[in-house]
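# model the structure of this input:
(2 chains)
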Amino acid sequence: MNKMETMTGAKALMVAMEKEGVKEVFGLPGGANLPMYDEFARCNIRHILVRHEQSAAHMADGFGRVSRKPGVCFATSGPGATNILTGIATAQADSSPIVAVTGQVPVAMIGKDAFQESDIIGMANPAVKYAFQPRSPDEIPMVVRKGFYIAETGRPGPVLIDIPKDVQQKEASMIFPDEFKIRGYHPWTNPDIANVERAIEMLLSAERPIILAGGGTIISSAFAELQSIAELLMIPVVTTFKGKGAFPENHPLSLGPIGMHGHAEANKMMTEADCVLAIGTRFSDRSVGTFEAFEKRLKIIHMDVDPAEIGKNQTTSVAVVGDVRASLRIMVKMLMQKTIKRTEENTWIKHVKETKEYWKENLKLHPGEMGAAKILRKLREILPHESIVTTEVGQHQMWASLFYDVIQPGTFFSSTGLGTMGWGFPAAIGAKVAKPDVPVVDIAGDGSFSMTENSLATAVLEDIPVIVFLLNNFTLGMVAQWQRTFYNRRMIGVDQGKCPDYVKLAESYGAQGIRAQSMDELDKAIKTALKSDVATVIDIPIDPEEDVLPFVAPGTSLADMILPS
Amino acid sequence: MWAILTLLVENKPGILFKVTHLFRSRNFNIDSISVGVTDNPEYSRMTITTYGDEKQVEQIVKQLDKMIDVLEVKHLDEHKTVYRELSIFKIKLSNANDSMEVNKLANAYGGKIHDVRKDSIMVELTATPDQIRAFEELAKPFGIIEVARTGVAALQRSGA
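Just a heads-up that it's a prediction; the model follows:
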């Protein structure tokens, strides 16, 4: 039995978070969370001030994805809480562990439409893994313990803890529990060995097997296991966009991401395969298109930690429910005991290699010096392999998917599910806080970056030197591309003008701003940024007419790619 | 397919909201829902009836099962289940014979008569939704003034 201590709810929150190993909190104070903020004066947790609560949630998200421990963000009640909601929904869509702590009006005021009251528990319900609203201070230690556990176990996700102001202020005798039980929560099941066995048989008897690695592969760090299986069985690997970098993209068996803006060779091989080992993926529409065209002859082996994903979007032949790393380990062990005679000589692998070679030679790229492919390949050439890359949302994001090869697995992160513009920069700040010793680069576009660009203040004042690699086409480029493709070039609401000047903007925050208009300048700019101890924005003006290609139009099959003409 | 789902949930405020919200956000409809505390006051039992093909029902069961406040969820086989719904019908009486006729009809369905007035009569009927619908059809010619239904309560038979 732990000994009881008398303290306020706010103090208990901080003590409980320290016990969870929290070292940093991203947030913004306000009336209803002041008692918690007051505790920062008396604890060892660093507070990192943001300029908008949405960014606080994205920072926690970036921190969570990189460290695989929940990132924590604080916001006040009402608008503070609703601002954080976009970040919570983003974390939910991408299964990212965050704990959001919001202030709430005092218990007696709840439901009275008080100043800065919002029913954040009600609003957040469909966007959280779980939400707590402790009504008495002595609940707080258990709520924190359970909240962190729920956020980081099984399929990770966001947890909301909404604490009324009087609950923060009141004293109670607190017990900080070591053990606890959540009756209705079973985050992991043991993989069914018989199904792993069936999966192996299916893969071995397939003529054209392929591995589709999703985001779950990265969340469970199943990199080594994935590589072993691919190499043992000589199976080519495609990924979803969220799974990008689950497998080294310079590996001979790597084909890169499939999907709406997947690699041509990946989409091609995916549609030709007869059996897929799908690991930690929900078969999103952006990844697999309509799928119907070829799913009839495709046997699907689905591994996922979340039983509800099995059969949700696709009918599977074999399902293995459990942590995908654990499932893959069992598979590797079983494979080691078999004699497998797959060689590089088999027809499928030969065909895969030829296809890969063909597209390497034949995919038409932008002819200009500052085409997206050249810019991103330059970044790849200079960045150390351990660098972490985040992206914003838009054309640059898809160019990053196509042209920035991830060599070290688990170093690429993006808002892939919700597609939240403004995610990349604050997420990069969170990532840098989690891993201060590696370079962190946000591959950005001007439209998306402008949504959270005021996080420059956080990067500068809190001394978090990340790099914003800004492909600037002065346009909401992806929307513009759709208007060019599907709306007969009627360009509405996409022109951002040359506003602002991003070099001056960076400088006005005390960050470094560099404009790169040639490959030489870009080369120098990246090297300067890597050496810099302040945040740097590299503004790279590009052609506003450049499209992201290949392109699989929404509602069509991966087999019907629009290619550069 | 008509499906009866039975859920054992934490008896805490807000759970009904979460469960019904899940149906809405996952694009399912609730046909009927009934909730009551169990013999253990820590838990409530919800009985939900819904329509969907096998795949849809399987998916909603999995999504419900994933909810942390849901301790147990089962898709009940109606042939191995006792399920009943309570309904109250207020029926119009237009002439002297009607009262007797409605009485007969209620008796045939095991209903109980309440609140007999000059121009209306109330029938309480506890039965399966199908039987209630059949009763409703037969009562229609008299004129149904109002109906209240509780939704299904269901338990699996022992050994089923």
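
# how far away is B:Tyr43 from B:Ile68?
Distance from B:Tyr43 to B:Ile68, counting by CB to CB, to the nearest Å: 14 Å. C-beta: built from backbone N, CA, C; applies to glycine.

# the residue lying closest to B:Lys66 once chain neighbours are set aside: neighbour count?
Nearest non-adjacent residue to B:Lys66, counting by CB to CB, 6 or more residues apart in numbering or on different chains: A:Ala308, 5.1 Å away. Neighbour count for A:Ala308, taken as other CB atoms under 10 Å in any protein chain shown: 20.

# equivalent analysis for B:Arg133, please.
Quick note: B:Arg133 (other CB under 10 Å) scores 11 neighbours.

# only the C-alpha atoms, please, for the host helix or strand of it, written as PDB.
Element membership of B:Arg133, judged by DSSP states H and E, is helix B:129-139. Provided in PDB are the C-alpha atoms of helix B:129-139 (Å, rounded to 0.1, in the frame of the first residue of the first chain):
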ATOM      1  CA  PRO B 129     -41.300  -7.300 -31.700                       C
ATOM      2  CA  ASP B 130     -42.900  -9.500 -34.400                       C
ATOM      3  CA  GLN B 131     -45.900 -10.300 -32.200                       C
ATOM      4  CA  ILE B 132     -46.200  -6.700 -31.300                       C
ATOM      5  CA  ARG B 133     -46.200  -5.700 -34.900                       C
ATOM      6  CA  ALA B 134     -48.900  -8.400 -35.600                       C
ATOM      7  CA  PHE B 135     -51.000  -7.100 -32.800                       C
ATOM      8  CA  GLU B 136     -50.600  -3.600 -34.100                       C
ATOM      9  CA  GLU B 137     -51.900  -4.600 -37.500                       C
ATOM     10  CA  LEU B 138     -55.000  -6.200 -36.000                       C
ATOM     11  CA  ALA B 139     -55.600  -3.200 -33.700                       C
END
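
# and it, how far from the chain's centre?
13 Å (CA atoms, centre = their mean, to the nearest Å).

# where does the residue of chain B found nearest chain A sit, in terms of helix or strand?
Nearest residue of chain B to chain A: B:Lys62, at 3.9 Å (CB to the nearest CB). Assigned by DSSP H and E, B:Lys62 belongs to helix B:54-66.

# contacts for the helix or strand following that helix next, please.
Later in the chain than helix B:54-66, the nearest helix or strand by DSSP H and E is strand B:70-76. By CB atoms under 8 Å, 6 or more residues apart in numbering or on different chains, the list of residues contacting strand B:70-76 from outside reads A:183-184, B:3-10, B:19, B:43, B:57-58, B:61, B:64-65, B:83, B:154, B:156.

# show the model's pLDDT score for the nearest residue to A:Pro544 once chain neighbours are set aside.
Counting by CB to CB, 6+ apart, A:Pro544 lies nearest to A:Asn473, which is 4.2 Å off, once chain neighbours are set aside. With respect to pLDDT, A:Asn473 scores 97.

# if I look at A:Asn473, how far off is chain B?
36 Å (CB to the nearest CB, to the nearest Å).

# count of residues packed around that residue?
There are 24 residues near A:Asn473, going by other CB under 10 Å.

# so what's the closest residue to A:Val143 other than its chain neighbours bridging to?
By the measure of CB to CB, 6+ apart, the closest residue to A:Val143 outside its immediate chain neighbours is A:Phe132, 4.5 Å from it. Beta bridges link A:Phe132 to A:Ile161, judged by DSSP bridges.

# got the contact list for A:Phe132?
So A:Phe132 contacts A:Val143, A:Lys146, A:Gly147, A:Val159, A:Leu160, A:Ile161, A:Asp162 (CB under 8 Å, 6+ apart).

# counting neighbours, which of these comes out on top?
A:Val159 (29 neighbours).

# okay, helices next: where are they in the stretch 201-350 of chain A?
Counting by DSSP state H, counting those that start in this stretch, the stretch 201-350 of chain A has helices at residues A:215-219, A:223-233, A:264-272, A:285-288, A:292-295, A:324-336, A:347-362.

# turn those into a markdown table, including distance to B:Ala134, mean pLDDT and mean neighbour count.
Formatted as a markdown table, these follow (distance: least, CB to CB, whole Å; pLDDT from 0 to 100; neighbours: other CB atoms under 10 Å in any protein chain shown):
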| stretch | distance to B:Ala134 | mean pLDDT | mean neighbour count |
| --- | --- | --- | --- |
| helix A:215-219 | 50 | 98 | 28 |
| helix A:223-233 | 59 | 97 | 19 |
| helix A:264-272 | 53 | 94 | 23 |
| helix A:285-288 | 44 | 86 | 22 |
| helix A:292-295 | 42 | 65 | 15 |
| helix A:324-336 | 51 | 96 | 20 |
| helix A:347-362 | 61 | 95 | 15 |
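
# may I see those helices arranged in a markdown table, with distance to chain B as well?
Output for the helices of the stretch 201-350 of chain A, formatted as a markdown table (distance: least, CB to the nearest CB, whole Å):
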| stretch | distance to chain B |
| --- | --- |
| helix A:215-219 | 15 |
| helix A:223-233 | 25 |
| helix A:264-272 | 23 |
| helix A:285-288 | 15 |
| helix A:292-295 | 14 |
| helix A:324-336 | 17 |
| helix A:347-362 | 32 |
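
# tally up the residues packed near A:Val389, please.
27.

# scratch that, A:Thr485 is what I was asking about
So A:Thr485, with other CB under 10 Å, has 13 neighbours.

# list the buried residues in the one helix or strand it maps to.
With elements taken from DSSP H and E, the one containing A:Thr485 is helix A:477-486. By 16 or more other CB atoms under 10 Å in any protein chain shown, the buried positions in helix A:477-486 come out as A:Gly477, A:Met478, A:Val479, A:Ala480, A:Gln481, A:Trp482, A:Gln483.

# grab the nearest non-local neighbour of the residue of chain B closest to chain A.
With CB to CB, 6+ apart, the residue lying closest to B:Lys62 is A:Ala308, at 3.9 Å.

# from B:Met67, how far off is that neighbour?
10 Å.

# which residues are contacting the helix or strand that the helix holding B:Arg133 is followed by?
Downstream of helix B:129-139, the next assigned helix or strand under DSSP H and E is strand B:144-156. By CB under 8 Å, 6+ apart, the list of residues contacting strand B:144-156 from outside reads B:4, B:6, B:32-34, B:36, B:47, B:49, B:74, B:76-77, B:80-92, B:120, B:129, B:132, B:136.
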